[in-house]
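Asks: heads up, no residue letters with this:
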Ligand code: DAH
């Protein structure tokens, strides 16, 4: 029995040394030490031994079991660390490899000019506020002195969502929302998308952008309006830019005006760019109508204000000599990456 035990020990050592992975190791553990393993099977025969032999063989059996267990533990350690080493090698990063070059993005020309605009107005003490694009008829028209039967509604090609709700056709409703929420002095601009049911061509799009402006305080006059807008135009187009104010009509301002900038291409002579006019219209403006003020709870006897609305696309087209508005929305990278 002694030699059988030693034989098991020797066989176990030899086979364990050759175990290629953790799975093979576990199989060997079961083979030698498991409940139905070789060592256990041999120990079951101890009943047939004499009382003198039993402790000697028992001790030897324990020794063999211990040796096998140690051998397994060692082998397990070795296999695990080999595995970890291999994993490390596989996952190694070569930090000297060149990185992937990501193409640099560009700001959209509309955002570019709008940011410049905001910067100028912020510097003059204006806040930038936002209004909803899905707007109540009340704010888009009614509160701006454009009642249901007013002809100005026809010119705006409105997208109606229902009788009371529209896609805003102008940013002017933000004037009303602001005056309802704030007390004068008020100085805000509000850039945003507006919607009109226009067919798409080089100068029209059903979605475009406006920048609304509003100033309300005691003693605001047309001179403030002119001074403010002239300053802004010169900041954008340069000190030699020439502007003129031309009488016009808007239901929500009285008096109203349109502002033209002298064509910088032909200096007023008339050319293709200004369609022979010598002047290019850039915005609508005026003194806020007393009805609009009082509708917002502002006393027109105490306060007065001016407002203006600028079409952003036109401004940007002029700025970069872009002759087709559709380029802004096509998202063609060959166009966009020029800015
Ligand atoms: N909302 C006008 C439009 O879309 C533009 C406009 C004109 C806005 C005069 C104003 C203004 O605030 O005072 O045609």
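Replies: Received, thanks. Here the structure is a predicted model, which is why all the values come from computation and not from measurement. Residues are numbered from 1 along each chain as shown.
Asks: residues contacting the helix or strand of the chain with the lowest mean pLDDT, please?
Replies: Within the chain, no helix or strand scores below helix 38-43, which has a mean of 80 by mean pLDDT, DSSP states H and E. Residues outside helix 38-43 that contact it (C-beta atoms under 8 Å, 6 or more residues apart in numbering): 1, 4, 5, 8, 31, 32, 33, 34, 61, 64, 65, 68. In short, each C-beta sits where N, CA and C put it, glycine included.
Asks: what's near enough to touch the first one?
Replies: Meaning residue 1. So residue 1 contacts 42, 45, 46, 49, 53, 57 (C-beta under 8 Å, 6+ apart).
Asks: so which of those would you say is closest to residue 263?
Replies: Distance to residue 263, by C-beta to C-beta, is smallest for residue 42 among those, at 109.5 Å.
Asks: count the neighbours of the closest one for me.
Replies: 17 (other C-beta atoms under 10 Å).
Asks: just residue 226 next, same as before
Replies: Residue 226: 16 neighbours (other C-beta under 10 Å).
Asks: next: residue 299.
Replies: Neighbours of residue 299 (other C-beta under 10 Å): 10.
Asks: same question, residue 139
Replies: Count around residue 139 with other C-beta under 10 Å applied: 20.
Asks: give me the element it is part of.
Replies: helix 137-140 (DSSP states H and E).
Asks: so who does residue 319 touch?
Replies: By C-beta under 8 Å, 6+ apart, the neighbours of residue 319 are 113, 236.
Asks: the contacts of residue 1 also near the ligand: which ones?
Replies: With C-beta under 6 Å from any ligand atom as the criterion, the contacts of residue 1 include none near the ligand.
Asks: max pairwise distance over those residues: which two?
Replies: 42 and 53 (13.7 Å).
Asks: please tell me how far the residue of the stretch 51-200 of the chain found nearest the ligand sits from residue 311.
Replies: With C-beta to the nearest ligand atom as the measure, residue 170 is the residue of the stretch 51-200 of the chain nearest to the ligand, at 3.5 Å. Plainly put, residue 170 is 10 Å away from residue 311 if you go by C-beta to C-beta, to the nearest Å.
Asks: what sits in contact with each of the two?
Replies: residue 210.
Asks: out of these two, which sits in the busier spot?
Replies: Legend: neighbour count by other C-beta under 10 Å for residue 170 and residue 311, higher for residue 170 (23 against 17).
Asks: so what's the residue lying closest to that one once chain neighbours are set aside up against?
Replies: Nearest residue to residue 170, sequence neighbours excluded (C-beta to C-beta, 6 or more residues apart in numbering): residue 194, at 5.5 Å. Neighbouring residues of residue 194 by C-beta under 8 Å, 6+ apart: 133, 167, 168, 169, 170, 171, 207, 208, 209, 210.
Asks: and residue 194, that's in a strand?
Replies: Yes - the assignment for residue 194 is a strand, going by DSSP: H, G, I helix; E, B strand; the rest coil.
Asks: pLDDT score for it?
Replies: According to the prediction, residue 194 has pLDDT 97.
Asks: same check, this time on the one 4 residues further on
Replies: At residue 198 the predicted local confidence, pLDDT, stands at 87.
Asks: part of a strand, is residue 256?
Replies: Yes - assigned with three-state DSSP, residue 256 falls within a strand.
Asks: now the closest residue in space to it that isn't next to it in sequence: which helix or strand?
Replies: Sequence neighbours aside, residue 286 is the residue nearest to residue 256 in space, at 3.6 Å (criterion: C-beta to C-beta, 6+ apart). Residue 286 is located in strand 279-288, with elements delineated by DSSP H and E.
Asks: run through who's touching that strand.
Replies: 175, 213-214, 216, 220-222, 225, 229, 233, 244, 248, 250, 252-263, 268, 273-274, 304-311, 314-315, 318.
Asks: cool, stretch 69-83 as well?
Replies: Contacts of stretch 69-83 (C-beta under 8 Å, 6+ apart): 12, 13, 16, 17, 19, 21, 22, 25, 28, 29, 33.
Asks: most neighbours among those, which one is it?
Replies: Of those, with other C-beta under 10 Å as the count, residue 12 tops at 25 neighbours.
Asks: ok so, going back, pretty sure the residue of the stretch 51-200 of the chain closest to the ligand sits against residue 208.
Replies: No - between residue 170 and residue 208 there is no contact under C-beta atoms under 8 Å: 10.4 Å.
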